[in-house]
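S.K.: Need coordinates for the following:
(one chain, ligands or ions: 1)
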Amino acid sequence: MAITATISVPFTSPSRRTLASVNSLSPRSTRSTLPTPQRTFKYPNSRLVVSSMSTETAVKTSSASFLNRKESGFLHFAKYHGLGNDFVLIDNRDSSEPKISAEKAVQLCDRNFGVGADGVIFVLPGISGTDYTMRIFNSDGSEPEMCGNGVRCFAKFVSQLENLHGRHSFTIHTGAGLIIPEVLEDGNVRVDMGEPILKASDVPTKLHANKDNAVVKSELVVDGVIWHVTCVSMGNPHCVTFSREGSQNLLVDELKLAEIGPKFEHHEVFPARTNTEFVQVLSNSHLKMCVWERGAGATLACGTGACATVVAAVLEGRAGRNCTVDLPGGPLQIEWREEDNHVYMTGSADVVYYGSLPL
Ligand SMILES: N[C@H](CCC[C@H](N)C(=O)O)C(=O)O
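M.R.: From the prediction side, this is the model:
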C-alpha cells in the first residue's frame, strides 16, 4: 500500500550570491522567485511514520525554517536519496573540517540505532576556486573519493540552501577531482563525472593489463569460480562483470549478492578494495545492474558504478556509449562522450526529511 506524505517545499525570495567562475565553466542561471509548490513523495510498500503535524501545519513550517536551524548542541541534517541510495547531508559551509567524525558517521548510518543511510555527505567550502567541496563517509566509516548518487543529492541540497531555481550548476572539488553537477528544470541532475581511469595500477588493481594499460574482460577467480572482469575507476575503484565460466550472460536477479559481493570487495587483487557491478545486457543501449558497494554493501543504486558499467560495456563491445542503466532503485542515463572522453550521468535526487540530533 502506498502512503503519500505531502511536504511543502517553499521557496523564499532569492538572496544575493556572488558567482564563482572557474575556468570557462558555464555560469549559473539567474534566480527567480517561484510560488510555493506542493510536492508529494510516494513511498510504495513501506511504512512511513508521518509526523504529528497536520498538512495545514506542514504548509506553515516551511523547509526554509528547517534549513536555517542553528541551535547549538545539535547536528542538523537533511536526508536525501538518489534512486534509494540514501545519505545524510550536512551543511558544513562554515568549516573546512567535517562536523562529525567517521566513527559518528557509522552510528548515524545504522538503520536500527541511528538515522539509517548508505553514507554521510558534507557540503564544505570550495578549494582553488571551486564553489564547494564534497566529502563523504561510507556507512562503514571509510572515506571514498567520489559518489555519483551522492553528488546529485549534494547539488539539490545546495540549491535549497542557496535558494537557487531554474537551471544552474556548481563546481565541486572532490577526491575524484573537479565534478560539475547541473540541476535541470525538471529537477533531475546531470553530472559531468570526468574521465574514466583505466590504467590498471591507477584503478587500482593488481590484475595484469590485457588491453592497452587496462584490464578488460580478464579472468578473476572468486570463490573457486572464474569471472570475466573489466576494471574502471571513476575516482573510486570498480570491478564490472557481465559473465563467468558457464554463464556468458549473467542473470542479475539470480545472484546471491550478499554471498559473493564481499569476496570481490576484499579480494587481494584490489588493494583499496572495490565496488563490484554485476551486469545483464538487455540491448545495445539498455543494461540492468546490481551492485555490492565498497564500504556500504548491497545498495539500491550506485552512480559511479553505473558510469563504470557503461565504460566497461563499451570496452567489451557489449553496448554503445549512450545507455539506460536499470538499478534496483531506478534508472540512470549514462553517456561516455567520445568528443571529450567524459562520462555524463543524469538522474533524480530527492529530499525525504529534515532532522536534528543531539551532538
Ligand atoms: N561506496 C563507494 C562510494 C559511494 C559510491 C556510490 N554510492 C555512488 O553513487 O557512486 C566507494 O567506497 O567507492
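S.K.: which residue ends up closest to the midpoint of this protein in space?
M.R.: For the chain, N149 is the residue whose C-alpha lies nearest the centre (Cα atoms, centre = their mean; 1.7 Å).
S.K.: Wasn't that one part of a helix?
M.R.: Yes. Counting by DSSP: H, G, I helix; E, B strand; the rest coil, N149 falls inside a helix.
S.K.: The closest residue to it other than its chain neighbours: how many residues sit nearby?
M.R.: Counting by Cβ to Cβ, 6 or more residues apart in numbering, N149 lies nearest to G82, which is 3.0 Å off, once chain neighbours are set aside. C-betas here are computed from N, CA, C, even on glycine. For G82, the count of nearby residues is 32 (other Cβ atoms under 10 Å).
S.K.: Which residues are in contact with G82?
M.R.: 148-150, 152-153, 301, 303, 329, 347-350 (Cβ atoms under 8 Å, 6 or more residues apart in numbering).
S.K.: so how many other residues sit close to P204?
M.R.: P204 - counted by other Cβ under 10 Å - has 17 other residues nearby.
S.K.: I'd like the mean pLDDT over whichever helix or strand A155 is part of, please.
M.R.: With secondary structure defined by DSSP states H and E, A155 is part of helix 148-161. Helix 148-161 shows a mean pLDDT of 97.
S.K.: And stretch 276-296, by the same measure?
M.R.: Rounded mean pLDDT across stretch 276-296 is 98.
S.K.: Alpha carbons only: can I get that stretch in PDB?
M.R.: Taking C-alpha atoms only, stretch 276-296 is exported to PDB below (Å, rounded to 0.1, in the frame of the first residue of the first chain):
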ATOM      1  CA  THR A 276      31.500  -4.600  -7.900                       C
ATOM      2  CA  GLU A 277      28.800  -4.300 -10.500                       C
ATOM      3  CA  PHE A 278      27.100  -7.400 -11.900                       C
ATOM      4  CA  VAL A 279      25.500  -6.600 -15.200                       C
ATOM      5  CA  GLN A 280      23.000  -8.100 -17.600                       C
ATOM      6  CA  VAL A 281      22.900  -6.700 -21.200                       C
ATOM      7  CA  LEU A 282      19.300  -6.100 -22.300                       C
ATOM      8  CA  SER A 283      20.200  -4.300 -25.600                       C
ATOM      9  CA  ASN A 284      22.900  -2.100 -27.100                       C
ATOM     10  CA  SER A 285      21.600   0.800 -25.100                       C
ATOM     11  CA  HIS A 286      20.000  -0.800 -22.100                       C
ATOM     12  CA  LEU A 287      21.800  -2.500 -19.200                       C
ATOM     13  CA  LYS A 288      20.500  -4.000 -15.900                       C
ATOM     14  CA  MET A 289      22.800  -4.000 -12.900                       C
ATOM     15  CA  CYS A 290      23.000  -4.800  -9.200                       C
ATOM     16  CA  VAL A 291      25.900  -3.600  -7.100                       C
ATOM     17  CA  TRP A 292      27.900  -4.500  -4.000                       C
ATOM     18  CA  GLU A 293      29.500  -1.300  -2.800                       C
ATOM     19  CA  ARG A 294      32.800  -0.900  -1.100                       C
ATOM     20  CA  GLY A 295      32.100   0.200   2.500                       C
ATOM     21  CA  ALA A 296      28.300   0.100   2.100                       C
END
